[in-house]
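1. Give me a model of this one.
(one chain, ligands or ions: 1)
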Amino acid sequence: MSEVRYDIEIRTGDFKFSGSNSTVHFVLHGTKKISNPIEINSGIKENLVRGKSHHVKAKEADVGDIWQIEIRKKDKLFSPNWLLDYITIKGGGKEWNFPHYGWLLDGVFFIREGHASLAKDDAHKDVRDNEVAVGKENYKWALAYKGLLCNNIYGKPKQLPLNEKWNINRTHELKKDVKDAILSVGWGLIKNLADPWNHLDDFAKVFQMHMHTPKIVSSWKDDETFGNERLYGATLTQFERIDEIPKKFAVTDEHVKGLLRKGETLESELKNQRIYMVDYEVFDKVKTMDGRYLCAPMALFYFNKKKKFVPIAIQLYQEPNPDWNPVYSPNDPEYDWLMAKCVLGNADFGYYQAITHYVRAHLLCEPIVVATNRTLPSNHPVHKLMKPHWKYHLGVNVIGRTDLFNPKGMVIKIGPVDYDTCIDLMGDFYKKWKYEDLDVRSWLKERKIPGPDVLPTYYYRDDSIALWNAV
Ligand SMILES: [Fe+2]
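-> Numbers count the residues shown, from 1 in each chain. The predicted structure is shown next:
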């Protein structure tokens with residue numbers, strides 16, 4: 001049988017402790033035959049070095065098209081973990097790629113050639129079935145939060161499968177960021193001990209050492225900046241365009257006098273599609289912890305003649321009542337209006353943390369990760385397409401559950417509501433959420449957000465539609 005010279009490139013990942021001095025052999029599984037074991041690392045010298053490629057040449061009988069590599073790994077000393085990025089093999093004028101981008105412990109592993117394949121086109125159905133069976137063992141359904149099917153079986157980070165664990169480098173980065181922040185704030189407090197804080201602007205003193213003063217410090221009280229937070233900030237999915245002002249919002253033309261274009265009224269500007277609303281009805285009558293407060297505010301925003309998106313009215317509670325629940329506007333005294341904006345900002349923060357960030361960005365994706373690993377083999381096109389997007393997703397979610405969102409977690413400590421109430425709010429959102437909400441076009445339509453001709457500076461809409469169309 002003819003022999004082929006195989007050039008094998010093995011790329012080791014570039015994280016801390018990625019390299020390995022284990023004994024490693026490859027066996028090439030080809031369409032014609034299976035090769036002899038090829039020595040990749042003898043275990044004497046560390047050839048599998050962090051961030052470097054290792055090249056091995058091997059003369060073997062022609063195995064045909066290589067569809068899988070069998071990796072036999074045995075640890076010699078103290079580095080059982082090896083982060084393998086990819087393997088490339090050239091031989092007989094052909095090239096095969098084996099992406100992995102994951103850790104390998106000791107044992108025998110199989111990595112399939114990189115092309116995606118559906119079951120009907122795959123000659124190795126038994127391998128697919130086995131991968132799915134292993135997936136079902138490793139990824140199981142559980143309910144860690146009542147009403148939220150968002151959780152896999154892992155209660156602690158160390159219980160996670162190796163390749164789902166939060167990356168050690170990111171942990172170091174995160175800890176360094178926290179340390180820098182504490183040092184900076186601490187230094188700011190010490191430096192200003194003899195200089196008491198009397199004014200809102202004094203908060204800028206916390207920005208010391210590693211924490212540079214952000215630009216927003218000089219403009220956070222401006223209406224324009226407050227409006228920009230809707231278009232470009234963390235709350236950019238929180239507003240909708242309205243055709244009429246709901247009865248519960250007692251705003252009148254008198255409140256917004258001088259704020260609209262000349263000759264226009266609320267009614268005419270509603271027709272011109274320039275009035276938008278933010279409504280935190282979800283916080284209505286929500287029970288707060290003793291000594292803590294949470295309003296259920298609503299606000300009107302207006303696209304003004306300077307082409308700026310600005311707040312024009314805020315009501316702190318859902319029930320209209322001029323005696324205890326007045327409508328605030330920029331026509332009120334400066335600090336009344338500023339406080340009304342702060343109340344809305346507080347509701348923004350609470351909603352953003354619990355729903356926009358935690359439920360939408362973290363928890364909604366978790367069942368998709370679990371279901372994929374339980375049902376689709378690694379070379380299924382959908383599995384391949386999605387895998388890079390949820391790298392460390394389960395890992396960071398488990399940390400979220402153990403450190404932040406639990407009865408003693410930091411989020412509950414600083415927020416206005418207790419743990420059970422917070423979970424109920426999250427569950428309420430989850431019940432109303434629809435699969436179609438992931439389609440940005442239908443989501444924008446439902447919120448009646450106009451196109452760039454009417455609201456030209458809402459780049460989230462433009463970028464996400466471009467991305468959606470590209471996908
Ligand atoms: Fe996050």
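2. In this structure Ser22 contacts Leu84, no?
-> No. Contact status for Ser22 versus Leu84: not in contact, 11.3 Å apart, counting by C-beta atoms under 8 Å. In short, each C-beta sits where N, CA and C put it, glycine included.
3. so how far is Leu300 from Pro326?
-> 14 Å (C-beta to C-beta, to the nearest Å).
4. of these two, who's got more company?
-> Legend: neighbour count by other C-beta atoms under 10 Å for Pro326 and Leu300, higher for Leu300 (27 against 17).
5. For the helix or strand harbouring that one, name the packing helices and strands.
-> Leu300 belongs to strand 298-303 when assigned by DSSP states H and E. For strand 298-303, the elements it packs on are strand 275-279, strand 309-315, judged by 3 or more C-beta pairs under 8 Å, 6 or more residues apart in numbering; DSSP states H and E.
6. State the mean pLDDT of the next helix or strand after the longest one.
-> Using DSSP H and E, the next helix or strand after strand 309-315 towards the C-terminus is strand 327-328. Along strand 327-328, the predicted local confidence has a mean pLDDT of 98.
7. Quick one: distance of strand 327-328 to the chain centre.
-> 35 Å (C-alpha atoms, centre = their mean, to the nearest Å).
8. Give the pairing partners of that strand; include direction for each.
-> Strand 327-328 pairs in its sheet with strand 309-315 (antiparallel), by DSSP bridges.
9. which residue packs closest to Arg261, ignoring adjacent ones?
-> Once flanking residues are discounted, Arg261 sits nearest to Lys305: 5.0 Å by C-beta to C-beta, 6 or more residues apart in numbering.
10. and if you look at Leu300?
-> The nearest residue in space to Leu300 (C-beta to C-beta, 6+ apart) is Ala313, at 4.4 Å.
11. try Ala347
-> Spatial nearest neighbour of Ala347, excluding adjacent residues (C-beta to C-beta, 6+ apart): Tyr280 at 4.3 Å.
12. need the contact list for the one you found.
-> Going by C-beta atoms under 8 Å, 6 or more residues apart in numbering, Tyr280 touches Cys295, Ala296, Pro297, Met298, Leu344, Ala347, Tyr351.
13. so what's the fourth one bridging to?
-> Judged by DSSP bridges, the bridge partners of Met298 are Asp279, Gln315.
14. ok, back up a step: right, and the residue nearest to Leu300 touches Val278 too?
-> No. Checked against C-beta under 8 Å, the pair Ala313 and Val278 is beyond contact range at 10.9 Å.
15. quick revisit: state the pLDDT value of the residue nearest to Leu300.
-> 98.
16. Next up, the contacts around it.
-> Contacts for Ala313 (C-beta under 8 Å, 6+ apart) come out as Phe249, Val251, His255, Val256, Ala299, Leu300, Val327, Tyr328, Ser329.
17. Now for the fifth one, how many residues are close by?
-> When you say that, I think you mean Ala299. The number of residues packed near Ala299 is 29, by other C-beta under 10 Å.
18. Quick check on the closest residue to Lys74 other than its chain neighbours: phi, psi?
-> In space, Lys74 comes closest to Thr23 once its chain neighbours are excluded; the distance is 4.6 Å by C-beta to C-beta, 6+ apart. The phi/psi pair for Thr23 (degrees, to the nearest 10) reads phi -80, psi 130.
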